[in-house]
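K.L.:
Dropping the sequence and predicted coords here.
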2 protein chains.
Amino acid sequence: MTVIKNPFRPYDEKQETQDGVYSQSELGLANRNNGILLETLKLDITPTGAHYLLNHFDVPILDADSHLLQLTGAFDAPRGLTMRDIRELPTKTMPVTMECAGNGRAGVSPRSHSMPWMYEAVGTSNWTGTELAPIIAAAKPHNNVVEISFTGADYGFDMGEGHYFGRSLTLEQLAELDVMLVYEMNGEPLLPQHGAPLRIIVPGWYGMASVKWLTTIEALTKPYNGFQQVRTYQFRETAEDPGRPIQKIRVKSLMVPPGVPDWSSRKRYVQAGTVELVGRAWSGGGRSIEKVEVKIGGEWYPAEIKPSQDRYAWTKWKRSWNAEPGEHVLRCRATDSEGNTQPLDPPWDIAGFANNSAQKVHVFVE
Amino acid sequence: MTVIKNPFRPYDEKQETQDGVYSQSELGLANRNNGILLETLKLDITPTGAHYLLNHFDVPILDADSHLLQLTGAFDAPRGLTMRDIRELPTKTMPVTMECAGNGRAGVSPRSHSMPWMYEAVGTSNWTGTELAPIIAAAKPHNNVVEISFTGADYGFDMGEGHYFGRSLTLEQLAELDVMLVYEMNGEPLLPQHGAPLRIIVPGWYGMASVKWLTTIEALTKPYNGFQQVRTYQFRETAEDPGRPIQKIRVKSLMVPPGVPDWSSRKRYVQAGTVELVGRAWSGGGRSIEKVEVKIGGEWYPAEIKPSQDRYAWTKWKRSWNAEPGEHVLRCRATDSEGNTQPLDPPWDIAGFANNSAQKVHVFVE
């Protein structure tokens, strides 16, 4: 990959946004990055290829046979691992619900110029690989190591800074999160766009932590200062705010839009009568779902939840609705085991991150 | 599937568009429907899940084991076929380049409110199934049959009309097009979002003809009047224009954007020196590519083309570029074997269909 040190034009284009309309560049991001189809929320596992997809730069096309994962930096036993080496390690498969930190950004006003997700940036897949912790331990980090960084093969510019996509975790975080080194998605080798041949999965955190096209794991004796770790993915209320790192996925729920759609508005048409509303709810950091409520006709009603068997996979919910003729706006909101409930309005963030406000579904019933 | 006869609210919402900005509903369509990642154009076959995806209504989740394809209507030997029956027929695999008729719509002004594709609505997959013609023949269409219709399991509303997605072909068209009944994509059973368990592929025509979630094949003694056949997918210059059906894919080419991207603008940064530009070119109706030209610095230069081995799959092209420092807009255009060349400006169509004007790629070189 050609590394460009000084881009011809420093990033100086202010990208304006307007409320309620989206720019050409926002459209380009929306077309390029893929959202889940909400009707697939009825399935425990999102069909391969329907999982949300967010790529900052270009998808690298790597050769699995020659791929080498370098463990480097402040390790006593640094080494290179081939895919064969990695596949020989104890296998683990885990379903994980992953959400993009930018999900809901399009609902935050004023809007930050970036990928304008509405609700679609989520998915649950079965990830197969091996536990990362033993690999780190076997490389013997020095006593003064504070963080481990993970670098991908994808290179590009953001705000004028050229860099490989990279993120880090502290040793404490590595110990408590069930981080996996992953090479399969839903029983098949990773697809190119989902990180082939190798990535990490940090379950319960927003998706930026789950670095794709992994080439390097580095033991660091001071905190990582990669762009994607320190210059973005921070909760900030103002531009001057130093920021707090975005980590665990906030409590969230989504509803399968009932009935059938109008092609272009995506509003829903439902026949009057009993309708079973279904959906999913999740929260990060291994938190479980305490309750889900559905708003119908101005009142909140409890939904029936089917607790997830898996720590990091979403919970299914359902609620019967006696749909009467008229126009309706349905909503759902979840509460997790730490008492966090989705707000009704988007929580303010200058970059539009982690908007977990309750979904609205417009339905016509006749 | 609940069939709603009279929607509560007839479709009467005029959906306005503004030049240069996109509405909330256009964004919703962009997030829901997936574009190809242009960097994957370097691959002969688009990675599974990265193929463009356009769904008018919801993706039906069908059960392959109980699925029945009904051959019905003016046949002497109507019948139902199970997936097992279909898989027992002679197998055929064919790579086909498919493009959405709406590709490029976002570049047509004034813009029609619909899926606002820029360039991304294309892909090439290996489709496996069986030839359709012998199946139709074995069902013995009556002498007065004029068309065969294909209906999917997906139901929704468009312009107030509720309908199952359906399309038709005349007997003449069926005889000359290599239509396949398809159950696998890239060696795996169709994914739900790509039509599982069964669809047709009409190679060389825009994608709307390749009906997904196929449930019914009907022999008709008068022309089919389904919404997707007669009320849309017509070339029209004015609202009063009766329209000419959209069929064969117009000649088109795309370039893999060189260098590395800026995250949010998708402009490209390239290091000065020799750069190999690569891309794909295609044309429908079995037409081959005669030439591809690349515009650099105001002049058009010939690209080297590698003729496709397959009648319906795109042709690869490449061109060396001596990239000099500065700001550049690169373009590519193809000419097919019938002498059709891509225009530089979008051809006018009231619904923004089939805009095959030459791509522009913005590159900074240093």
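P.N.:
Now that the structure is in, tell me what you want to look at. Just so you know, these numbers come straight off a predicted model, no measurement behind them. Residues are numbered from 1 along each chain as shown, chains lettered A, B, ... in the order given.

K.L.:
near chain B, which residues of the stretch 101-250 of chain A show up?
P.N.:
Within the stretch 101-250 of chain A, the residues that sit near chain B (Cβ under 8 Å from any Cβ of the partner chain) are A:106, A:113-114, A:116-118, A:120, A:155-158, A:162, A:188, A:191-194. Placement of C-beta: from N, CA and C, glycine included.

K.L.:
Show me those residues that map onto strands.
P.N.:
A:155, A:156, A:157, A:158, A:162, A:188 (DSSP state E).

K.L.:
Narrow those residues to those that are buried.
P.N.:
A:155, A:156, A:157, A:158, A:162 (16 or more other Cβ atoms under 10 Å in any protein chain shown).

K.L.:
how about the spatially closest residue to the second one that is not a sequence neighbour, what does it touch?
P.N.:
The one in question is residue A:156. Among residues not flanking residue A:156 along the chain, residue A:57 sits closest, at 3.3 Å (Cβ to Cβ, 6 or more residues apart in numbering or on different chains). Residues in contact with residue A:57, defined by Cβ atoms under 8 Å, 6 or more residues apart in numbering or on different chains, are A:154, A:155, A:156, A:165, B:260, B:261, B:263.

K.L.:
mind putting the residues you listed in a markdown table, pLDDT and distance to residue A:99 included?
P.N.:
Below are the contacts of residue A:57 laid out as a markdown table (pLDDT from 0 to 100; distance: Cβ to Cβ, whole Å):
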| residue | pLDDT | distance to residue A:99 |
| --- | --- | --- |
| A:154 | 98 | 20 |
| A:155 | 97 | 25 |
| A:156 | 95 | 23 |
| A:165 | 98 | 18 |
| B:260 | 95 | 27 |
| B:261 | 94 | 24 |
| B:263 | 92 | 19 |
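
K.L.:
And these, which is closest to residue B:81?
P.N.:
Of all these, residue A:154 has the smallest distance to residue B:81: 45.1 Å, by Cβ to Cβ.

K.L.:
Name the member of the contacts of residue A:57 with the shortest distance to residue B:337.
P.N.:
For the contacts of residue A:57, the closest approach to residue B:337 (Cβ to Cβ) belongs to residue B:261, at 34.1 Å.

K.L.:
wait, is the closest one part of a strand?
P.N.:
Yes: under DSSP: H, G, I helix; E, B strand; the rest coil, residue B:261 sits within a strand.

K.L.:
my guess is it meets residue A:155, correct?
P.N.:
No: shown here, residue B:261 and residue A:155 do not form a contact pair, counting by Cβ atoms under 8 Å, at 9.1 Å.

K.L.:
so, in contact with chain B or not, stretch A:326-338?
P.N.:
Yes: residues of stretch A:326-338 contacting chain B under Cβ under 8 Å from any Cβ: A:326, A:327.

K.L.:
Could you check that stretch and say which residues are buried?
P.N.:
Buried-residue list, stretch A:326-338, by 16+ other Cβ under 10 Å: A:328, A:330, A:331, A:332, A:333, A:334, A:335, A:336.

K.L.:
Check which residues of the host helix or strand of residue A:184 are buried.
P.N.:
Residue A:184 is part of strand A:180-185, with elements assigned from DSSP states H and E. Neighbour counts over strand A:180-185 (16+ other Cβ under 10 Å) mark A:180, A:181, A:182, A:183, A:184, A:185 as buried.

K.L.:
As a markdown table, the residues you listed with pLDDT would be great.
P.N.:
Shown next, in a markdown table, are those (pLDDT from 0 to 100):
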| residue | pLDDT |
| --- | --- |
| A:180 | 98 |
| A:181 | 98 |
| A:182 | 98 |
| A:183 | 98 |
| A:184 | 98 |
| A:185 | 98 |
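
K.L.:
what's the spacing between residue A:67 and residue B:56?
P.N.:
40 Å (Cβ to Cβ, to the nearest Å).

K.L.:
sorry, back to before: between the ones in strands among the residues of the stretch 101-250 of chain A next to chain B, which sits nearest residue A:223?
P.N.:
Using Cβ to Cβ, these come closest to residue A:223 at residue A:158, 19.5 Å.

K.L.:
okay, now the closest residue to the closest one other than its chain neighbours: neighbour count?
P.N.:
Spatial nearest neighbour of residue A:158, excluding adjacent residues (Cβ to Cβ, 6+ apart): residue B:263 at 4.2 Å. Counted with other Cβ atoms under 10 Å in any protein chain shown, residues neighbouring residue B:263 total 20.

K.L.:
Then residue A:117?
P.N.:
27.

K.L.:
Next one, pLDDT for it please.
P.N.:
At residue A:117, the pLDDT value in this model is 96.

K.L.:
The one 10 residues further on too?
P.N.:
Looking at residue A:127, its pLDDT stands at 98.
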